[in-house]
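Novice: Here is my input; please provide its structure:
(chains A and B)
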Amino acid sequence: MEMKTQTLLKKLSRRNEPYIFLVLLALCLLIEVRSGQFFSSNNLVDIASALIVPGLFAIGAFMVIVSGGIDVSFPALASLSVYATTKYLLDTNYQGGVWVAIVIALAIGAVLGAFNGLFIGYFKLPALIVTLGSSSVFKGIMQGALNSKQLTTIPVGMREWGTSSLFIAKNPVSGLTSRMPVASLAFVIVLALVFLMLRYTMFGRGIYAIGGSEASAHRAGFGVVKTKFIMYIMVGMIASLAGVIRVCMMQQAHPTNMLGMEMNIIAGVVLGGTAITGGRGTLLGCMLGTLLIVIVENSLILLGVPTSWKSVFTGALIIIGTGVSAYQVIRMNSTRKIKAKIQEVV
Amino acid sequence: MLYYGTRLFVQDSLEGGYVMAESLLKAVDIYKSFVGVQALKKVNFEIKPGEIHCLAGENGSGKSTLIKIISGVYSPDDGHMEFDGKSYSKITPIEAIKNGIQVIYQDFSVFPNLTVMENLAFNSELADRRHLVNWKRMREIAEEAVAKIDFKVDLDALVGNLTVAEKQMIAISRALMFNTKLIIMDEPTTALTKKEVRNLFNIILKLKERGIAILFVSHKLNEVFEISENFTILRSGELVATGSTSELDAKKFSYFMTGRDFQQRHFVPVNLSENPIFEARGVGMGGRFTDVSFAVHRGEILGITGLLDSGRTELALSIFGIKPIETGQFLVDGNPVRISSPQVAIGNNIGYVPEDRLSEGLFLSQSIADNIVISEIDRLVKSAGILDKKKRSAEIDKWVNELAIATPDPNNACQTLSGGNQQRIVLAKWLACNLDVLVLNGPTVGVDIGSKHDIHGILQQLAKEGLGLIIISDDLPEVLENCSRVLVMKAGRIVADMNAGETDEKTILSYML
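Specialist: I've put the predicted structure just below:
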C-alpha cells in the first residue's frame, strides 16, 4: 500500500497540475488572509463568471497546442464573427432569442476556422505564420468591409441572455451581489464535450498523436490533414461562442477589445502544463492555468496591488510556471542519459 | 543461389532445418526513377518464409526505394511483384499491411507523448476503422501484443521515457498484430548497445521460428554475417550480388558495396619531425583522466583508444580547450601553452573534429560553402571588413574538389549530404586554417565503407604533408590501419603505448578491458 502511494506521489510530482494547484491555493489563501474577501460567495461567483470567456478561448488554444500548432488568431476570429452577427441582427431589426445569434456566429466561426485549417492542414504551412496572417485578415475585414465601430446597443435576445442569471450570490458583510450568468452553462457544456472528445474518440486521440509525431500519426493511419482541418473548424466555433458570450455579458459589441487576449490565454494554457511543443497536456491543467491568470487579473486588487502592476505579476507567473516545467524536462532527460550510460558500460 | 554479374553459383538452400518453401515475396525487374534519377534499375529480390535476409548498400544505392516499393509507399515504373502466391504490379500501403508486410522505420514510428498501451493499440484500432475509444479494449490489445514476444513493460508508461531498445520492442510487437508474414527493419541496430543488439537478434530468431520473414537493412558487416542467411547488395540502383551469407567475406562485402577493391594500406609515417609538434606532460582533469603524457610529431598519426568511460573523449576535449586541464601542461612546438578555450587552441593551430559532428561540428541547415569557410572567415575579408566574394568562392571550390565532396551545388544545405560527405566538410573547415595538429574523435562513426576508406586516405595524406594527427576511436581496425602509434586508455590513465605495426586487436582489447 505504501509502495502504491509512493509511486502515485512520484507520478504526481512529474505532472504540472499539482504544482499549479498548490500555487493557486497559496494565492487564494494569501488574498483571503490579506482581504478576508476572497472566499466570499460573491467574489467566487465573480471569478467564475470572469473565467467563462478566457476559459472557452483556452479550450480552443489548448487543442491547437496539443496538436503541435499554435493559434494567435482566435481573438480576431471571435471579434469578426460576433461583430458581423450583431451588426446583421441589428440591421435586420431582429427581435427573437439569442439562439439565432449563436447559430450565425458559430457558422461564421466555422468558415473562418476552416480558412486557418485549409492553410495549416492541406497546404501544410506553419500554424504560427498562418494564424498571424489570418488574424490580420480578420481584423481587416472587420475594420474595412464592415466599417466597424462600437455598437452600443445589441439585439434584445442577446441583451436578455447576457443579463439572465442562474443564481445571485450576496455577500452577507458588504451586501454586494454577483450574478452567475446562464452563459456559464455553455462553457461547462463545451468543456465537457471537448473533454469527452479528447479522451474517448479516435479523433481526439489523433490530436494528441499528431502533436507527438506527425509522421508516426500518418503511418499509423490517422487522417492527419483531415484531423487538423476539422480541429481548426471546431476551434473557430468555440472562439466565436466565446465572442457571443462576451458581447452578451458586456451588453455592447466592441470591435477591438478582445484583441490582444491571445498571449495571456496561451500563457495560461502553457502554465497548466501543456507542452508548447505539442502532444502533452490535460484539460484540467489548462483550466487551472487559465484560472490562475484570471485570478491574478481580477483579484490582485484585493491584495492591495495596484492594477498597473498586474502585467508584472502575470509575466512573473508565466516565467516561473514555464520554468518549472522546463526544469522537470531537463531533470528527466539527465536521469535517462545516466541510465543509458550505465547500460552502455554494462 | 549466389548471383552476381552474369555468373551463377548454385548452392544447396536447406537452412537450419527449415525446408525452404516457395518464395514469400518475389520482386522481378523493378524499375523506378525520380525526376531524371534512376533509383532502381532492373532489380530482382526474393525472400522465403522464415528467412532472415540482409539488404545492404551505401547511401543512395536504392535500398530505401526498394523497401518503399515493397511496402507500397512508391509504385514501380516497371516490373512486377509476387507476394504469398498473388501477383501484382503495384500495391497500396494499406494493402501491403493487409497482406502481412510491416515496416519498422528507424524512428520506430512511436508517439513519445502517449502511453505504451496507446502506441500498441492505435494501429489496429484505426485499421478496424473505430471512431470511439474503449480503454479496456485498448489494454487487452496491448497486453496481447507484448505477450507475443514476452516483452515486459509497464503499459501505462510514456513511450518517451523508454530506452531505444524498448521503443523498438514496441514497434516489433505492434508489427506482429497484423498476421504479419514479412517484417522489414530499417537499420535496426543503429542506436542500440551491444547487449540490446543481442536481445534483438534473439527476438528475430524467434520470429523466424514462427515462419516470419525478416528483411534487415544494414551496412554493418558483422551484423550481416551474424544474423542473416541470405543477402542482397545494391549499388547505384542496381543489383550487385545476392546469395547466401556463408559465401560472403569482408573483402567481397566491401567490394560489392562500393565497387572498389580496397588494399589494406597500413600507414607508415614518413618525414617524422625531430621534435614533437604537440606534447602532453602529466595532464589531468577532474578525475576523468590523470597523469596522461604523450607526444605527437609532424607526420605522425597517434591513435588513442579505450572504452566509452575511459576518459578518451574528455582528453580530446581538453586538448581543444573545451574542458581545460587542471594539472600538468601542454606544449605546442616545445613551448608551454595554457589551452583554456577553443579560441586559444585554434590560435595555436590545433583543430578538433568532434565525435558527434552533426551537433558539434556543423551548421546543418547552413550551406556547404559557409560551413567550409566558417573558421577562416576572418581571412576572407577586404580592408573594410567586407567579405571578399571572389576569395571565398575560390576557397570553397578548392576544398570541394580536393576532398571530392559530392554535391551538385555548394550552396545546398549541409544536411542534404551523406554522413561521409558531411565528415569531409568538417575536415575541409579545419584544413582551410593551415593547422599543425588535428584531433579527430571517432572520425568515421556512421560513415559508409567507401567514404570511410576515402577519409582514411585523406588523413594519411595529411600526415604525409606534415600535419600531426591524433585519432581517438574505439574502431580497432581503423586505429591499427591508420595510426603509427596506439595509446590505450583505461579508467583515465594510459595503460599501454605500442607501435601499431607490432600489435593486434586482441592485445589492445586485453588492455582496454
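Novice: Do I have it right that residue A:293 meets residue A:270?
Specialist: No. Judged on Cβ atoms under 8 Å, residue A:293 makes no contact with residue A:270 at a distance of 10.5 Å. To be clear about C-beta, it is placed using only N, CA and C from the backbone, and glycine gets the same treatment.
Novice: Common neighbours of those two, please.
Specialist: Both residue A:293 and residue A:270 lack any common contact, where contact means Cβ atoms under 8 Å, 6 or more residues apart in numbering or on different chains.
Novice: Pick out the residue of the stretch 151-300 of chain B closest to chain A.
Specialist: Using Cβ to the nearest Cβ, residue B:193 is the residue of the stretch 151-300 of chain B that sits closest to chain A, at 5.1 Å.
Novice: for that residue, phi and psi?
Specialist: Residue B:193 adopts backbone torsions of phi -80, psi 170, taken as degrees, to the nearest 10.
Novice: And for the one 5 residues further on?
Specialist: As for residue B:198, its main-chain torsions (degrees, to the nearest 10) stand at phi -50, psi -50.
Novice: buried ones in the helix or strand encompassing residue A:75?
Specialist: With elements taken from DSSP states H and E, the one containing residue A:75 is helix A:74-91. By neighbour count on 16 or more other Cβ atoms under 10 Å in any protein chain shown, the buried set for helix A:74-91 is A:74-89.
Novice: For the closest residue to chain A within chain B, which non-adjacent residue is closest in space?
Specialist: Nearest residue of chain B to chain A (Cβ to the nearest Cβ) works out as residue B:113 at 3.3 Å. Counting by Cβ to Cβ, 6 or more residues apart in numbering or on different chains, residue B:113 lies nearest to residue A:279, which is 3.3 Å off, once chain neighbours are set aside.
Novice: my guess is the one you found is in a helix, correct?
Specialist: No. With DSSP: H, G, I helix; E, B strand; the rest coil as the criterion, residue A:279 is assigned coil and is not in a helix.
Novice: That one - how many residues pack around it?
Specialist: Counted with other Cβ atoms under 10 Å in any protein chain shown, the neighbours of residue A:279 add up to 22.
Novice: For it, give me its contacts.
Specialist: By Cβ under 8 Å, 6+ apart, the neighbours of residue A:279 are A:66, A:68, A:208, A:211, A:212, A:213, B:111, B:112, B:113, B:114.
Novice: any chance of the residues you listed in CSV, plus pLDDT, distance to residue A:320 and neighbour count?
Specialist: Listed next are the contacts of residue A:279 as CSV, based on pLDDT from 0 to 100; distance: Cβ to Cβ, whole Å; neighbours: other Cβ atoms under 10 Å in any protein chain shown:
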residue, pLDDT, distance to residue A:320, neighbour count
A:66, 96, 23, 27
A:68, 94, 25, 22
A:208, 96, 27, 23
A:211, 95, 24, 26
A:212, 93, 27, 27
A:213, 92, 30, 23
B:111, 94, 29, 24
B:112, 92, 26, 18
B:113, 92, 24, 23
B:114, 94, 28, 22
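Novice: Which of those fall within helices?
Specialist: A:66, A:208, A:211, A:212 (DSSP state H).
Novice: For the helix holding residue A:75, C-alpha coordinates in PDB please.
Specialist: Taking Å, rounded to 0.1, in the frame of the first residue of the first chain, the C-alpha atoms of helix A:74-91 are listed here in PDB:
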ATOM      1  CA  PHE A  74      -8.800  33.400 -32.100                       C
ATOM      2  CA  PRO A  75      -9.500  36.900 -30.600                       C
ATOM      3  CA  ALA A  76      -9.600  38.400 -34.100                       C
ATOM      4  CA  LEU A  77     -11.700  35.500 -35.300                       C
ATOM      5  CA  ALA A  78     -14.200  35.800 -32.400                       C
ATOM      6  CA  SER A  79     -14.400  39.600 -32.800                       C
ATOM      7  CA  LEU A  80     -15.100  39.300 -36.500                       C
ATOM      8  CA  SER A  81     -17.800  36.600 -36.200                       C
ATOM      9  CA  VAL A  82     -19.600  38.200 -33.300                       C
ATOM     10  CA  TYR A  83     -19.400  41.700 -34.700                       C
ATOM     11  CA  ALA A  84     -20.700  40.600 -38.100                       C
ATOM     12  CA  THR A  85     -23.500  38.700 -36.300                       C
ATOM     13  CA  THR A  86     -24.500  41.600 -34.100                       C
ATOM     14  CA  LYS A  87     -24.500  44.000 -36.900                       C
ATOM     15  CA  TYR A  88     -26.500  41.800 -39.200                       C
ATOM     16  CA  LEU A  89     -29.100  41.200 -36.500                       C
ATOM     17  CA  LEU A  90     -29.300  44.900 -35.700                       C
ATOM     18  CA  ASP A  91     -29.600  45.800 -39.400                       C
END
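Novice: Tell me how confident the model is about it, as a mean pLDDT.
Specialist: Mean per-residue pLDDT for helix A:74-91: 94.
Novice: cool, stretch B:180-193 as well?
Specialist: Here the average pLDDT along stretch B:180-193 is 85.
Novice: Next: stretch B:472-482.
Specialist: The average of the pLDDT scores along stretch B:472-482 is 86.
Novice: ok, back up a step: give me the subset of the ones in helices among the contacts of residue A:279 touching chain B.
Specialist: A:208, A:211, A:212 (Cβ under 8 Å from any Cβ of the partner chain).
Novice: Wait, the first one touches residue A:197, no?
Specialist: No. With the criterion set as Cβ under 8 Å, residue A:208 and residue A:197 do not qualify as a contacting pair; they are 11.4 Å apart.
Novice: Show me where the stretch 201-350 of chain B has its helices.
Specialist: B:221-227, B:250-258, B:312-319, B:342-347 (DSSP state H, counting those that start in this stretch).
Novice: helices or strands next to the last one in the packing?
Specialist: Packed against helix B:342-347 by the contact rule (3 or more Cβ pairs under 8 Å, 6 or more residues apart in numbering or on different chains; DSSP states H and E) you find strand B:350-353.
Novice: Can I get the helix or strand just after the strand it packs on in CSV? Just the C-alpha atoms.
Specialist: Per DSSP H and E, the first helix or strand lying C-terminal to strand B:350-353 is helix B:368-373. Extracted C-alpha coordinates of helix B:368-373, given in CSV (Å, rounded to 0.1, in the frame of the first residue of the first chain):
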residue,chain,number,x,y,z
ILE,B,368,28.1,23.6,-47.5
ALA,B,369,30.0,26.7,-48.7
ASP,B,370,29.5,28.6,-45.4
ASN,B,371,30.4,25.6,-43.4
ILE,B,372,33.7,25.3,-45.2
VAL,B,373,34.8,28.9,-44.7
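Novice: helices and strands around the helix holding residue A:75, which ones?
Specialist: If contacts are counted by 3+ Cβ pairs under 8 Å, 6+ apart, helix A:74-91 sits against helix A:41-66, helix A:99-117, helix A:127-140, helix A:224-250, helix A:262-271.
Novice: Phi, psi for residue A:68 please.
Specialist: Note on residue A:68: its backbone torsions stand at phi 90, psi 10 [degrees, to the nearest 10].
Novice: Nearest spatial neighbour of it, chain-adjacent residues omitted?
Specialist: residue A:278 (3.1 Å).
Novice: Following element in sequence after the helix or strand encompassing residue B:30, please.
Specialist: Residue B:30 belongs to strand B:25-34 when assigned by DSSP H and E. Using DSSP H and E, the helix or strand that follows strand B:25-34 towards the C-terminus is strand B:37-47.
Novice: Measure how that next one sits relative to strand B:25-34, angle-wise.
Specialist: Here strand B:37-47 runs at an angle of 180 degrees relative to strand B:25-34 (axes from the mean of the first three to the mean of the last three Cα atoms, to 10 degrees).
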